[in-house]
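Chemist: Quick one, structure for this:
(2 chains)
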Amino acid sequence: MWLLDSVSGIYVVQTFLHSLIAILIIERALNIWHIHNPLTKFRYRIMTLVLPVCMLPLYQLINSGRSSFSFRQDNAIFSMNRWLSLEIWDLVPLSTVFMLILAGTSFVFFLQEVMPIMGDVFARKGRDLRSHFYSDPGIDDLAQQLSEKLGIEPPPVTVLEDSNPFIFTSGSRNHTIVLTSGLIELLDREQLKSAIAHELAHIARMSNATKWMIFAIRVLMFFNPIVLIVFRRIVQDDEHVCDDITVSLTKSPLVLASTLKVFYASHSEFFSDAFGKVKALQEGMENHSHNLLLKERIARLEGEKGYTDKEFEWGKFLLTAAVVAVINYFVV
Amino acid sequence: MKKNTVKQLHRGFSFLVTVAVVILLLKLLNWLPTVLQDEGIKKYSSVEEVRTALKIPRVYIPAYFPEYINWPPAEIFAQRRPFTLVMMHFTHRDSKSFALSLFQVASRAGFEPTYKSDVLYVRKESQVSIKGRAGNLVIAVCSGRERCNRISWEEGIYRITLIADDTPEQLIRMAESIY
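Modeler: As a prediction, this is how the structure comes out:
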């Protein structure tokens, strides 16, 4: 059986198990250590993604017989093979059920990550947007002032002639903030300031580069449902960190909350042509999940559960990482 | 200050408890399949018992045994899941020390039978023919300077392995008599 015998099967099963154990221990640790700071949460959750990917080859290097029968029998505290070889009413192997879960997760990965990229590529095809871009001196000034406060180089800000309210930062090293004319029409000056401050916070944090890194792990473990959950949480933590930086610049969480509501109400149908039913399912899922995340951010800002600047405690972080690494060594 | 230390200790203890619970839970989950579906290695008292328990038509045994080997096997271990495995250990008639081990393992499992003691070095490895089937013969010395030669080949869906403190010729003769 592929899952039990092959190297790729062992990789799939063990990375799944390792991320499951990592998420259990890390989420509990966040709770026990009373960690509410989004930046610290972000760092802990990155561990859930990175450890299973990095540690498995290291374990094999330390002990090449780690996946052998004798290790499973004598040393392992949990061997997944025991469960995968079980049969439900002597008919359906549990490994088939496990494969179905992996296939379902892979399908969600396709809908959430591959489809939007494909949609983006198709939407851009034949559309020359260059003539629709222009710059706004008022917004440039705003970005300049906020950048100075953050201590970063002011990035170029470009306005796109489009009625949909959008703002995003492009590039991982040379950043450009892009916002639409539709957004400028919808927001007042204070709200616009919050929106730009939030994008600048992403630039200051190099969020795009980090996102590419964690996205690479997401791609590498596209079959893993735990990674799917953790990836979303990490993105949300990053948004919280940037919200807190924005609030520290503008001193008005409620303005940022009202800005987010604009996106909550109208986020949809930017690339809603083509792809038919699958596209509709993907859009529905994406919008639902996007709105849920926005809702949570708005509630957080309105509830004033703001930034609590506390020194990062390396001891607790390393202890948690060590515990996850050691337990996972004995999980095959 | 004191209150803060107590709080930290309490949190540290909670973390330890969490780790202990996770380990216990994993151990419990590891044990559960053995109860649910009769999984894992068990000790049996006879070959017939193994045949009935594992629901397999054939347990391979040599028809020829050198005189010094005691019959029946001193130990029989077997498992049905996650893959079929029958393991028999035979002793010397006089000294009661290890003389022969016989493994019958589902080929798909890729299970590598272990020697009774650590292999010090392999003297020679060669291909041999057993009833027309390709077999692998390993001449080795184990710790305590004991011979631990080994022969293995595919027999239907199983891989049969014999490890014995005997000459290669005797090993091949036993292998060829297996039915």
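
Chemist: now what about the longest strand along chain B, what contacts it?
Modeler: The residue-count maximum for a strand in chain B (DSSP state E) belongs to strand B:119-130. Residues outside strand B:119-130 that contact it (C-beta atoms under 8 Å, 6 or more residues apart in numbering or on different chains) are B:134-143, B:145, B:148, B:151, B:153, B:172, B:175-176. The C-beta positions use only the backbone N, C-alpha and C, and glycine is treated the same way.

Chemist: One more: stretch A:141-153?
Modeler: In contact with stretch A:141-153 (C-beta under 8 Å, 6+ apart) are residues A:154-155, A:157, A:177, A:192-193, A:196-197, A:200-201, A:203-204, A:245, A:249.

Chemist: And for the residue in the stretch 151-300 of chain A that chain B sits nearest to, nearest residue in space, chain neighbours not counted?
Modeler: With C-beta to the nearest C-beta, the shortest gap between the stretch 151-300 of chain A and chain B falls at A:Ile226, namely 14.8 Å. Of all residues not flanking A:Ile226 in the chain, A:Ser19 sits nearest, at 4.0 Å (C-beta to C-beta, 6 or more residues apart in numbering or on different chains).

Chemist: Give the helix, strand or coil label for the one you found.
Modeler: At A:Ser19 the chain is in helix, as set by DSSP: H, G, I helix; E, B strand; the rest coil.

Chemist: was I right about it contacting A:Leu228?
Modeler: No: look at A:Ser19 against A:Leu228 with C-beta atoms under 8 Å: they stay out of range, at 10.0 Å.

Chemist: just to revisit the earlier point, now the longest strand of chain B, how far from the centre of its chain.
Modeler: 19 Å (C-alpha atoms, centre = their mean, to the nearest Å).

Chemist: interface residues of chain B facing chain A?
Modeler: B:11, B:14-15, B:18-19, B:22-23, B:26-27, B:29-30, B:33-34, B:36-37, B:39-41, B:81-83, B:108-112, B:114 (C-beta under 8 Å from any C-beta of the partner chain).

Chemist: Now the buried members of these.
Modeler: For these, a burial check counting by 16 or more other C-beta atoms under 10 Å in any protein chain shown picks out B:11, B:15, B:18-19, B:22-23, B:26, B:30, B:33, B:37, B:39-40, B:81-83, B:109, B:111.

Chemist: now the residue nearest to A:Ile226: how far from chain B?
Modeler: Relative to chain B, A:Ser19 is positioned 14 Å away (C-beta to the nearest C-beta, to the nearest Å).

Chemist: tell me the pLDDT at that residue?
Modeler: We have a pLDDT of 95 for A:Ser19.

Chemist: Which strands border the helix or strand bottoming out on mean pLDDT in chain B, and is each parallel or antiparallel?
Modeler: Least confident helix or strand, chain B: strand B:146-147 with a mean of 77, by mean pLDDT, DSSP states H and E. Note on strand B:146-147: by DSSP bridges, its sheet partners are strand B:133-142 (antiparallel).

Chemist: quick one: contacts of the strand it pairs with?
Modeler: Applying C-beta under 8 Å, 6+ apart, the set of residues contacting strand B:133-142 is B:115-129, B:147-155, B:168, B:171-172, B:175.

Chemist: change it to 7 Å
Modeler: B:115, B:117-129, B:147-154, B:168, B:175 (C-beta atoms under 7 Å, 6 or more residues apart in numbering or on different chains).
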